[in-house]
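Novice: turn this into a structure:
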Amino acid sequence: MKTKILNFCKAAVFFLLLAVCILAAIVVVRRKESSYKYADFFDKAKNDQIDVLFMGSSHVINAVNPATLYRNYGITSYNMGGHGSVMQATYWELIEALDYCKPKWVVVDAYMLEKDYQYLDVMEENADPGDINTSVEQLHLNMDAWPLGRLKIAAVNDLIKDPDKRNQFLFDFIVYHDRWSELDENDYRALTGNADRNQLFGAEMRYDVEKTPVTYPDPQEGALLSGHTVGQEYLRKIIDECQRDGIGVVVTYLPFCADTDDKIAANSAGAVAGEYGVPYINMLDKDIIDIRTDLNDTGHLNASGAEKVSRFLGQWLTDNADLADHRGDASYSDWQNKADAYYGSISDMAASEDDLYTELELLSLNEVSGIVYFNQGSGAFHDDTLRKMVSNIAGTDTIYQANGPYILINDVGSGKTYEAFDDGFLGGVPTAMGNLIYQPVEARFRFLYAEENEEMNYLYDDEHADFDIQVITYDPVSGEVLTHRFYRSYGNRYRTD
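Specialist: Residues are numbered from 1 along each chain as shown. Modelled structure (predicted):
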């Protein structure tokens, strides 16, 4: 009898260890993108710290920065946007989220409202197989983090038609079991709950600048989508759900290079919002961003555009949503720390960036001081995008009057900018670098020095005498020069060599 009991205990221990090993292997080999995005969501929801949820597609991921909302308005929010998320995917993500938290407001973007198919693995008739695969693949970001349960099963059944593809979401080990060759340190840290996590509460900032934005004709006034689409149906479901739960809801259509059909969809989103008497913000009709400077590509905003959109939404919520300002509350210190870390990283990014457009985009965020110099004859004077970016930093249109040379000093610490162009002179302007004096002499020789150190001429370097563009960044407080880059212009292309 004792032998049987001992053998049973050994077998039990073996199977327990086997189960632990299998579970550990599943945790390690799972792709981490979804858990990376939502780790803070689960933590903040547990502590009832999420006042606003932002729902929608990648337009939302790249356009709404919760760090900006907290830093400037004390609003606690989470960016739930998903790449390629059509309205039905957004609906189910909201339903999953509401199982963990009850926000005071939901902001839902209506991009892709015109889509009229139910299943992501079928899409429209004669859909391109590549588009279908991409659509299914993108759903994993917004689906994998949720634990298996009745809601997830209902969501997957509603979004995916093929039973085999459904199993990839219900038992995602099926998809990721062959990742052994890709594993890194972060995969193993997941076993202890210390894997990397998104530091912007679900948002993702982009830093490129779209150099060839396009515009499209407006539709006929009042033009709406013909017929009832699946997208409209699920937007109504989202609004219904929020109103049943006593959650404020606002519908948006975020800015990008919208074509005529997109504009019709935006009109239709307003019509749906009007049916329910909920606020609608069509940002295609508002002068919030500049497509010459604030787009990462024709469909998504960059960090500069996201800053503008986030501040607009933050002000709207402050004026209309009766939300608490949590700044200064010690229990919300993680929100403050992550907002500070994001803005503190901008000077580091500017220091490591060697693309002129991106460097100017970062300078426009006014977290690091900068000096921009265009020599006479520079191609920059014929680059409308570049001039607009400089104009954004300066807060004036002076650059458009210049034939060359031109200098801009943006002293973030004092909140002041100084400009001079053509034969213009700057005399002892106060900055963190000292009282700077600027004087053009000739094309290859010009002065920029501090009164306190006349020997240091920042704008002249023998090795870079032929370079027509210079950008200097410096610490807003100490005045320490962080970077000094020289660019040559080749038409609308700029190189550092």
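Novice: can you pull out the helices in the stretch 251-400 of the chain?
Specialist: 260-276, 303-320, 333-352, 356-363, 384-394 (DSSP state H, counting those that start in this stretch).
Novice: now do the stretch 1-150 of the chain
Specialist: With DSSP H, counting those that start in this stretch as the criterion, the stretch 1-150 of the chain has helices at 2-29, 33-46, 58-61, 66-73, 87-98, 129-143, 150-159.
Novice: any chance of those helices in TSV, with mean pLDDT, distance to Asp422 and mean neighbour count too?
Specialist: The C-beta positions use only the backbone N, C-alpha and C, and glycine is treated the same way. Listed next are these as TSV, based on pLDDT from 0 to 100; distance: least, Cβ to Cβ, whole Å; neighbours: other Cβ atoms under 10 Å:
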stretch	mean pLDDT	distance to Asp422	mean neighbour count
helix 2-29	56	63	11
helix 33-46	95	50	19
helix 58-61	97	42	24
helix 66-73	98	37	24
helix 87-98	98	53	23
helix 129-143	93	51	17
helix 150-159	97	61	16
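Novice: and Asp259, which of those helices is closest to it?
Specialist: helix 58-61 (14.0 Å; Cβ to Cβ).
Novice: any idea how far that closest one is from the middle of the chain?
Specialist: Mean-position distance between helix 58-61 and its chain equals 7 Å (Cα atoms, centre = their mean, to the nearest Å).
Novice: for that helix, packing partners?
Specialist: strand 300-301 (3 or more Cβ pairs under 8 Å, 6 or more residues apart in numbering; DSSP states H and E).
Novice: nearest to Gly270, of the helices of the stretch 1-150 of the chain?
Specialist: Using Cβ to Cβ, the helices of the stretch 1-150 of the chain put helix 87-98 closest to Gly270, at 15.0 Å.
Novice: tilt between the closest one and helix 260-276?
Specialist: On the basis of axes from the mean of the first three to the mean of the last three Cα atoms, to 10 degrees, helix 87-98 is oriented at 50 degrees to helix 260-276.
Novice: pull helix 87-98 out as PDB, backbone CA atoms only.
Specialist: Extracted in PDB, the C-alpha atoms of helix 87-98 (Å, rounded to 0.1, in the frame of the first residue of the first chain):
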ATOM      1  CA  MET A  87     -15.200  48.900 -36.100                       C
ATOM      2  CA  GLN A  88     -16.200  45.300 -35.200                       C
ATOM      3  CA  ALA A  89     -12.700  44.600 -33.800                       C
ATOM      4  CA  THR A  90     -12.900  47.900 -31.900                       C
ATOM      5  CA  TYR A  91     -16.300  47.000 -30.500                       C
ATOM      6  CA  TRP A  92     -15.000  43.700 -29.100                       C
ATOM      7  CA  GLU A  93     -11.900  45.300 -27.700                       C
ATOM      8  CA  LEU A  94     -14.100  47.800 -25.800                       C
ATOM      9  CA  ILE A  95     -16.300  45.000 -24.400                       C
ATOM     10  CA  GLU A  96     -13.200  43.200 -23.200                       C
ATOM     11  CA  ALA A  97     -11.800  46.400 -21.600                       C
ATOM     12  CA  LEU A  98     -15.100  47.100 -19.800                       C
END
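Novice: what's that helix in contact with?
Specialist: 41, 45, 53, 55-57, 80, 82, 85, 106, 108, 110, 112-113, 115, 118, 120, 139, 142, 146, 151-152, 154-155, 158-159, 230-235, 237-238, 241, 245 (Cβ atoms under 8 Å, 6 or more residues apart in numbering).
Novice: next one: stretch 388-396 to chain centre, how far?
Specialist: The answer for stretch 388-396 is 22 Å, by Cα atoms, centre = their mean.
Novice: show me what counts as buried in that stretch.
Specialist: Lys388, Met389, Val390, Ser391, Asn392, Ile393, Ala394 (16 or more other Cβ atoms under 10 Å).
Novice: which among those gets closest to Pro476?
Specialist: Nearest to Pro476 among the buried residues of stretch 388-396, with distances taken as Cβ to Cβ, is Ile393, at 13.8 Å.
Novice: would you agree the closest one is in contact with Val372?
Specialist: Yes: using Cβ atoms under 8 Å, Ile393 is in contact with Val372, at 7.1 Å.
Novice: which neighbours do those two have in common?
Specialist: Joint contacts of Ile393 and Val372 (Cβ under 8 Å, 6+ apart) are Leu360, Leu363, Leu408, Asn410.
Novice: all set now, cheers.
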